[in-house]
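1. Quick one, fold the following:
(chains A and B)
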Amino acid sequence: MQKQARRDGSSPAPVLTVENVSYWYGAKRALDDVSFKVYPGRVTALLGPNGAGKSTLFSLITRLFDAPEGRIEICGKSAAELGAKALAPLGVVFQQPTLDLDLTVKQNLRYFAALRGLQRSDADKRMVAALEALDMAERMGERVRALNGGHRRRVEIARSLLHGPKLLLLDEPTIGLDHPTRRAIVRHVHELARRDNIGVLWATHLFDEVEPDDDLLVIDRGKIVARGTAKAVVAETGAKDLGGAFRLLIGGEAEEDAAA
Amino acid sequence: MNAMHYLRAFAGIVWREFLRFMQQRERFFAALVRPLIWLIIFAAGFRAALGISIIPPYETYITYDVYITPGLLAMIQLFQGMQSSLSMVYDREMGSMRVLLTTPLPRWFLLVARLFAGVMVSLFQVYAFLLVAYFFGVELPPLGYLAALPALILTGMMFGSLGMLLSSTIKQLENFAGIMNFVIFPMFFASSALYPLWKMREGSLWLYYLCLYNPFTWAVELIRFAFYLQINWQALGVVSACTLLFLALSVWAYDPSFGIQQRKVGAAASD
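-> Residues are numbered from 1 along each chain as shown, chains lettered A, B, ... in the order given. Below is the predicted model:
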């Protein structure tokens, strides 16, 4: 996996380490010995068809439930050992929308800021900055219910950045959005990663959300079946593009699930 | 994380609960109208039919409206506890529960804060009801309004933690109405809210024992005694023990390592 090199030539410490994580739902194995790292300033795409185990992995990283096997560290700290404290450097956008529809954008963000322990005045400044970056500052006083899907997603991304996370998890954040909105979100997140040195783990089943230089993990039936930069994975498989590489890696059944 | 973080998170959770409550005006009116119907219509009819003898904490004969007021206050809190748990199930289905549960604070703290937020809302409803009831002639000892506050906080915590425990076991929002009816009405009717226990004993011995083992009875008695500046120690013990038990089970149910929530969230996140 490609890492951002420091001036002294050493690799930066990963912001997320997943080591030998397995998980079962009853007798069904959802994750099978999954290991990878996410580095600061890099976008790591977790590409897999529906049901591959992406959301399960996110639930384990965010400690919605604990991993019975393996180890997960966020900025070198294990949530299993340190408890919820380990989640402090984490920003998350879940696949399922998590905004309170009856509250305004501002109220939603203030609530999140309070949960993260931010002072009101500081939170308000950050809120304006985060919403401005996503062209949403003017909608601050509107109820979330009145916003369209794309705008809600932008608000969720702005919210996930309020506390200055070092690791950003995005679980299919563009699902159901039109192409221009998806492209805008993809561009913004890549820019964020570079500018603020945030490590990003982006779960998706859409090939066009993966940039050639992104780190790529291909997951299928709970197993990581390929890893490297996206262009390296394409080159290794001998395919024309990422879509072709993906189909070669996980078989024909993925064709309907994954879309360009 | 420091004390300020805890304080801000706590304030944020309470603030959000109030915002949601204020936006649902019909919820506030329903919370007021329900006990007022009992007070104005039901109590008026029973005033003539049912005589209340002098039983502790009362030192003189009281009207039936005064007798059932503590029971109605507990009913408001029980409804609020169930409403709060309904809101937790809704939040879980809508996803906003994830925002709370991924906060870098201990889960027990987040659940207690959420519980306390619900209690604050229930206190607002309780005192609004008492104000309206006052204009309908229900006068309680003036100091009792203040003395009952700790009792109301504790009973609110008990009903809230019961609701929270129920919310952890309910898989879908649609199942909740059935659960509410199954919990609220038996708890309310099989208690000392409407009739004193001695009256219940005269009518049916098994019903008397049912009332005796119903935590709602003890919540009502704790509130009743507190209004007369007295502590019913047995009620205090039962309500405290039930609160701790329900709360401990709720924290367990929402714990990422052990609880039943793991299976439920897991089922939702099977992608």
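2. secondary structure class for A:G91?
-> strand (DSSP: H, G, I helix; E, B strand; the rest coil).
3. Going along the chain, name the strands of chain A.
-> Ranges of strands in chain A, per DSSP state E, are A:16-25, A:28-38, A:43-47, A:69-74, A:77-78, A:90-93, A:167-171, A:199-204, A:215-220, A:223-229.
4. Need these in JSON lines (columns: mean neighbour count and distance to chain B).
-> Heads up, the C-betas are built off the backbone N, CA and C, glycines and all. Below are the strands of chain A laid out as JSON lines (neighbours: other Cβ atoms under 10 Å in any protein chain shown; distance: least, Cβ to the nearest Cβ, whole Å):
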{"stretch": "strand A:16-25", "mean neighbour count": "18", "distance to chain B": "6"}
{"stretch": "strand A:28-38", "mean neighbour count": "19", "distance to chain B": "7"}
{"stretch": "strand A:43-47", "mean neighbour count": "26", "distance to chain B": "11"}
{"stretch": "strand A:69-74", "mean neighbour count": "19", "distance to chain B": "10"}
{"stretch": "strand A:77-78", "mean neighbour count": "15", "distance to chain B": "10"}
{"stretch": "strand A:90-93", "mean neighbour count": "24", "distance to chain B": "6"}
{"stretch": "strand A:167-171", "mean neighbour count": "25", "distance to chain B": "9"}
{"stretch": "strand A:199-204", "mean neighbour count": "26", "distance to chain B": "9"}
{"stretch": "strand A:215-220", "mean neighbour count": "25", "distance to chain B": "11"}
{"stretch": "strand A:223-229", "mean neighbour count": "18", "distance to chain B": "15"}
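5. In TSV, list these along with distance to A:T62.
-> Output for these, formatted as TSV (distance: least, Cβ to Cβ, whole Å):
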stretch	distance to A:T62
strand A:16-25	11
strand A:28-38	14
strand A:43-47	14
strand A:69-74	9
strand A:77-78	14
strand A:90-93	6
strand A:167-171	7
strand A:199-204	11
strand A:215-220	17
strand A:223-229	19
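6. okay if I get the ones you listed as JSON lines plus mean pLDDT?
-> Listed next are the strands of chain A as JSON lines, based on pLDDT from 0 to 100:
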{"stretch": "strand A:16-25", "mean pLDDT": "93"}
{"stretch": "strand A:28-38", "mean pLDDT": "93"}
{"stretch": "strand A:43-47", "mean pLDDT": "94"}
{"stretch": "strand A:69-74", "mean pLDDT": "92"}
{"stretch": "strand A:77-78", "mean pLDDT": "90"}
{"stretch": "strand A:90-93", "mean pLDDT": "94"}
{"stretch": "strand A:167-171", "mean pLDDT": "94"}
{"stretch": "strand A:199-204", "mean pLDDT": "94"}
{"stretch": "strand A:215-220", "mean pLDDT": "94"}
{"stretch": "strand A:223-229", "mean pLDDT": "93"}
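7. which strands and helices sit next to the helix or strand hosting B:I184?
-> In the assignment (DSSP states H and E), B:I184 maps to helix B:176-189. Applying 3 or more Cβ pairs under 8 Å, 6 or more residues apart in numbering or on different chains; DSSP states H and E, one finds that helix B:176-189 makes contact with helix B:64-94, helix B:144-169, helix B:215-227.
8. One more pass at 7 Å, please.
-> helix B:64-94 (3 or more Cβ pairs under 7 Å, 6 or more residues apart in numbering or on different chains; DSSP states H and E).
9. I'd like to know which residues of chain A are adjacent to chain B.
-> Chain A has residues A:25, A:30, A:50-51, A:54-56, A:59, A:62-66, A:83-85, A:87-88, A:92, A:94, A:96-100, A:102-103, A:107, A:111-112, A:114-115, A:117 near chain B, with proximity defined as Cβ under 7 Å from any Cβ of the partner chain.
10. Measure how buried A:L192 is and give me the count.
-> Here the number of neighbours of A:L192 (other Cβ atoms under 10 Å in any protein chain shown) works out to 19.
11. Disregarding flanking residues, what is the spatial nearest neighbour of the closest residue to chain B within the stretch 101-250 of chain A?
-> Going by Cβ to the nearest Cβ, chain B is nearest to A:A114 of the stretch 101-250 of chain A, at 2.4 Å. Taking Cβ to Cβ, 6 or more residues apart in numbering or on different chains, and ignoring the residues beside it in sequence, A:A114 has B:G12 as its nearest neighbour in space, at 2.4 Å.
12. same thing with B:A128?
-> B:L32 (6.0 Å).
13. quick one: average pLDDT of whichever helix or strand the one you found is part of?
-> Secondary structure assignment for B:L32, by DSSP H and E: helix B:25-37. Across helix B:25-37, pLDDT averages out at 82.
14. Okay, now the unreliable bits of the chain?
-> Since no chain was named, I'll use chain A. Counting by pLDDT under 70, the ranges of chain A that qualify are A:1-10, A:252-260.
15. that answer is for a different chain, and I need it for chain B
-> Scanning chain B for pLDDT under 70 picks out B:1, B:47-53, B:173-174, B:256-271.
16. what about whichever residue of it sits closest to chain A, neighbour count?
-> Nearest residue of chain B to chain A: B:G12, at 2.4 Å (Cβ to the nearest Cβ). Counted by other Cβ under 10 Å, the residues lying close to B:G12 total 25.
17. Report the inter-axis angle for the lengthiest helix in chain A versus strand A:43-47.
-> Among the segments of chain A that qualify as a helix by DSSP state H, the longest is helix A:179-196. Orientation of helix A:179-196 against strand A:43-47 (axes from the mean of the first three to the mean of the last three Cα atoms, to 10 degrees) gives an angle of 140 degrees.
18. Now do the buried residues in stretch B:115-134.
-> B:115-126, B:129-130, B:132-133 (16 or more other Cβ atoms under 10 Å in any protein chain shown).
19. go on, stretch B:168-177?
-> Burial within stretch B:168-177, assessed by neighbour count using 16+ other Cβ under 10 Å, is assigned to B:S168, B:T169, B:I170, B:F176.
20. next one: that stretch to chain centre, how far?
-> Distance of stretch B:168-177 from the chain centroid (Cα atoms, centre = their mean, to the nearest Å) equals 18 Å.
21. on contacts alone, who are the packing partners of the helix or strand harbouring B:R8?
-> Remark: B:R8 resides in helix B:3-23, with elements defined by DSSP H and E. Using 3+ Cβ pairs under 7 Å, 6+ apart as the contact test, the elements touching helix B:3-23 are helix A:105-115, helix B:107-135.
22. Distance to B:A226 for the ones you listed - can I get that in JSON lines?
-> Listed next are those as JSON lines, based on distance: least, Cβ to Cβ, whole Å:
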{"stretch": "helix A:105-115", "distance to B:A226": "32"}
{"stretch": "helix B:107-135", "distance to B:A226": "12"}
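23. and of the ones you listed, who's closest to A:F246?
-> Each of the helices and strands packed on helix B:3-23 has some distance to A:F246 by Cβ to Cβ; the shortest is helix A:105-115, at 34.5 Å.
24. contact partners of the closest one?
-> Residues from elsewhere that reach helix A:105-115, judged by Cβ atoms under 7 Å, 6 or more residues apart in numbering or on different chains: A:99-100, A:123, A:127, A:136, A:139-142, A:144, A:155, A:158-159, A:162, B:8-9, B:11-12, B:16, B:19, B:99-100, B:103.
25. among those, which are in helices?
-> Short answer: these in helices (DSSP H) are A:123, A:127, A:155, A:158-159, B:8-9, B:11-12, B:16, B:19, B:99-100.
26. For those residues, pick the one with the most neighbours.
-> In those, the most neighbours by other Cβ under 10 Å go to A:A158, 27 neighbours.
27. Surely A:K54 touches A:A45?
-> No: the criterion here is Cβ atoms under 7 Å, and A:K54 misses it with A:A45 at 10.6 Å.
28. how many neighbours does residue 231 have?
-> Picking chain A for this. So A:K231, with other Cβ under 10 Å, has 17 neighbours.
29. wrong one, chain B
-> When counting by other Cβ under 10 Å, one arrives at 14 neighbours for B:I231.
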